[in-house]
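Please find the sequence and the predicted model below.
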Amino acid sequence: MCDAEFINMSNHDPQNIKATDEDAEKSSEPAAQVTGESSVPENKEASSMNRNHQPSTNEEQDVSAETKSSDAKVDATDSAGPASQSESPVEAGTPEATASSAALAETKVAGFGWLLRVGVNAAAVTAVAALILVMIGFAQRSQWVTANGFSGGESEAVADAGGGEEKRYICPMMCTPPSTEPGRCPVCAMELVEATGGGGGDGISVTIESSARRLVGIQTATSKMGEMNRTIRTIGSIDFDESRLSTISAYIDGRLEELYADYVGVEVKEGDDLALIYSPKLYSAQTEYITSLESESVGRFSINSPDMLAMARENLSELGMTTGQIEDLRESRKPQSRIRIKSPQTGTVLEKAAVEGDYVKTGQKIYRIADLTSVWMMLDLFPDDASLVRFGQQVEAEIQSMPGEVFTGRVVFIDPTVDPVTRTVRVRVEVMNYDGKLRPGDYATARISVPAVPVDMVYDPALADKYISPMHPQVIRDEPGDCPLCGMDLIPTSQLGYSPKPVEAQRVVTVPRDSVLLTGERGVVYVETEPGRFEIRRVTVGAMNDDDAIIVEGMAAGETVATNGNFLIDSQMQLAGNPSLMDPSKAPSYSPGPLELPDRDPVMLAGQSGEQFDRAYDAYFEIQCAMAADMTPPPVALNTLLDSLNKLEMLAEVPDAAQTRFASARRGASRMDGSLETAREAYRSVSHAMLHAATIARGPKTAKSLVHMYCPMVPGGGGDWMQPGGELQNPYWGSEMLTCGETVRDLAMNAANGDGQEVSFKVVGFGTDNGEMQ
């Protein structure tokens, strides 16, 4: 509004112009330089804007000159101010008014140019900033710049600090073993990526947060020490009891005049008439018999008369006449040309091989009859399962045609051979079928409960202290006697491996079956050692049932394992480049701490079995002494150990559970013929197996002196071994740490029983006596 008047007054007051120039210089020092001419309000706004934008040096000088000229005009106008207005007002249409309008227009144009320049400069600054951000992001992607600085600075030092670790490359899609070289996945051809973090930092574990744990549904359970049975499941079919089958055939040539059992499936009883045969030959034989009887009755004897009568009677029997029919003929003295064929047993007609009017010859089949009150269930078992089944053992079965209904029977026969085609063993089970529900030819699904660990004696309440038929196991008596079916003598059930009283089953470490991840012979579990920390553990898996699995080696009772979500844990282990199910070779195989052994009374072995037992342990002690002296196992001692273990597996007196342990020890001992490091690695599995065997059986010598020792410094755990006594000598470290370890337990049988009896021992190591043990 006042721009024209300010400009007009500034043209007529030089003093004001001079003062204004001085004020402008003072005001321009703290303010930013502005390009172009502007009014006073515009200069204030420009000063505020230019605090954030500093022009270049040349541009600053030009803008300063223009600003001083403009400010001088404005200040002159301010000084003239109201006084000029009151003294000489400007009239419209005058030359002064025209000049004021032109000056105002010029000022507006200058203000618009300033705004345009400010906008362009701001856009340029924004574009430069965006370009810088893009370049920084690209540098980080290319790893030129890291979170700690440039790649050649501090981060490089950090990388050098951990540069000893081997890089591992994995496939982000497939579960393939990690590779030490970059490349492509051999399965899906995707490019391998470097394994990232996510592990527990120790290379054998991962840590999962509680929130992620709930999200993926990870569940855990505790391993237990106890008894376990396993269930053998198999299939089979119902068949006829071969001991209850009968074939009715013609005893004489003749014609079938009548068939009383005239259709298949009819039920008959013992002694029922089945057919009527007309035979002239039978008539002649009966006449001869009657003649012999008459000769005897009238006293017309000859030297051969008694023999002739006996021969005539025997001839009638051979022609199919029963004892009752012959007696009837003797009374009536009337020969018959027709004979009735009677049923020899109660049963069902399975087959009718002739019809009325047929002429049959001697031996020709007419009927086939079966007694279906007892049937056979024929099962096919794998050889390793069949070895656990014994005569008289109870079997439960369900029939396909009657789902939900359970039938029971007992094993009557185990085939001693393996079928060369199916590679199975045929097992026969006798099932009583009084109600006739079981039909031969129907399919069956059977379940047989057996101890998970082989034992010599089992307890069955139905067979405890009983007598059983060796041919028909359904015949069970409290007292000895004869079998009513076959006439054989009943035998004690103890001869078949049934204990007269309950026996303590072998206690084993078990985990839920779902917790074990298996690929062939490999087995791993994930043990939760700390909340959220899951450590991979290689384990040796034994028998399994529907719910649990036996851990032969690698875990102790009381440890916590993942049962649900363990495949997700395994995937995380693989992505972290740690050992996993696909490559568990670097995973630990033993639980922390000494090997836990069950408390039980070992079986004392005598004779050859006891001698071989002590011989094997003497060789073991000699190998232990050699490795404690940093020597490889002596070949003679190693061969002796292998030979004794092999013989112990074959001796019937050795318990089955001990034989299983000796087989494991033999496999480990066969790997001890290499370097000292290899021998020490295999020695762990041998020691564990023989420690377990020592809790099952003993020889005369090992019963008196046997000590369990443990070293916690063995890499990977499992540093257990045995000595006959004396000073601790560590076979895993030798001279490096000869006395490192602790005595876990005295396994001598008198020490276990607590009788305090003094025993002596002799360490069989290089043939020297080491001392006495109390």
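It's in. Predicted model, so just to flag it, every value in this text is computed and none were measured. Residues are numbered from 1 along each chain as shown.

Would you mind naming the helix or strand containing residue 678?
In this structure, residue 678 sits in helix 676-694 according to DSSP states H and E.

May I have that helix as CSV, with CA atoms only?
What follows is helix 676-694 as a C-alpha-only set of coordinates in CSV (Å, rounded to 0.1, in the frame of the first residue of the first chain):
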residue,chain,number,x,y,z
LEU,A,676,46.4,-93.9,18.5
GLU,A,677,43.8,-91.2,17.9
THR,A,678,41.5,-93.5,16.0
ALA,A,679,41.9,-96.2,18.7
ARG,A,680,41.0,-93.8,21.5
GLU,A,681,37.9,-92.7,19.6
ALA,A,682,36.7,-96.3,19.1
TYR,A,683,37.7,-97.2,22.7
ARG,A,684,34.9,-95.0,24.0
SER,A,685,32.2,-97.2,22.4
VAL,A,686,34.0,-100.4,23.5
SER,A,687,34.1,-99.1,27.1
HIS,A,688,30.5,-98.1,27.1
ALA,A,689,29.3,-101.5,25.7
MET,A,690,31.5,-103.5,28.1
LEU,A,691,30.4,-101.4,31.1
HIS,A,692,26.8,-102.2,30.3
ALA,A,693,27.7,-105.9,29.8
ALA,A,694,29.3,-106.0,33.2
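
pretty sure residue 330 is touching residue 293, no?
Yes - applying CB atoms under 8 Å, one finds residue 330 in contact with residue 293, separated by 6.4 Å. Heads up, the C-betas are built off the backbone N, CA and C, glycines and all.

Look at those two and report which has more neighbours.
Neighbour count, other CB atoms under 10 Å: between residue 330 and residue 293, residue 293 has more, with 15 against 12.

right, and the more buried one touches residue 333 too?
Yes - using CB under 8 Å, residue 293 is in contact with residue 333, at 7.0 Å.

is it true that residue 317 lies in a strand?
No - looking at residue 317 with DSSP: H, G, I helix; E, B strand; the rest coil, it is helix, so not inside a strand.

Wait, it touches residue 324, no?
No - contact criterion CB under 8 Å: residue 317 and residue 324 do not qualify, at 11.6 Å.

if you count what's nearby, which of those two comes out ahead?
residue 317 (13 against 10).

Give me the number of neighbouring residues for the closest residue to the more buried one other than its chain neighbours.
Distances taken as CB to CB, 6 or more residues apart in numbering place residue 326 nearest to residue 317, at 7.0 Å, with adjacent residues excluded. When neighbours are defined as other CB under 10 Å, residue 326 has 17 of them.

For whichever strand or helix holds residue 326, name the packing helices and strands.
In this assignment (DSSP H and E), residue 326 forms part of helix 323-332. Packing contacts for helix 323-332, counted by 3 or more CB pairs under 8 Å, 6 or more residues apart in numbering; DSSP states H and E, involve helix 280-297, helix 305-318.

can you redo those as TSV with mean pLDDT and distance to residue 459?
Formatted as TSV, the helices and strands packed on helix 323-332 follow (pLDDT from 0 to 100; distance: least, CB to CB, whole Å):
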stretch	mean pLDDT	distance to residue 459
helix 280-297	81	60
helix 305-318	79	51
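
and residue 659, which of those helices is closest to it?
Taking CB to CB, helix 305-318 is the member of the helices and strands packed on helix 323-332 nearest to residue 659, at 57.0 Å.
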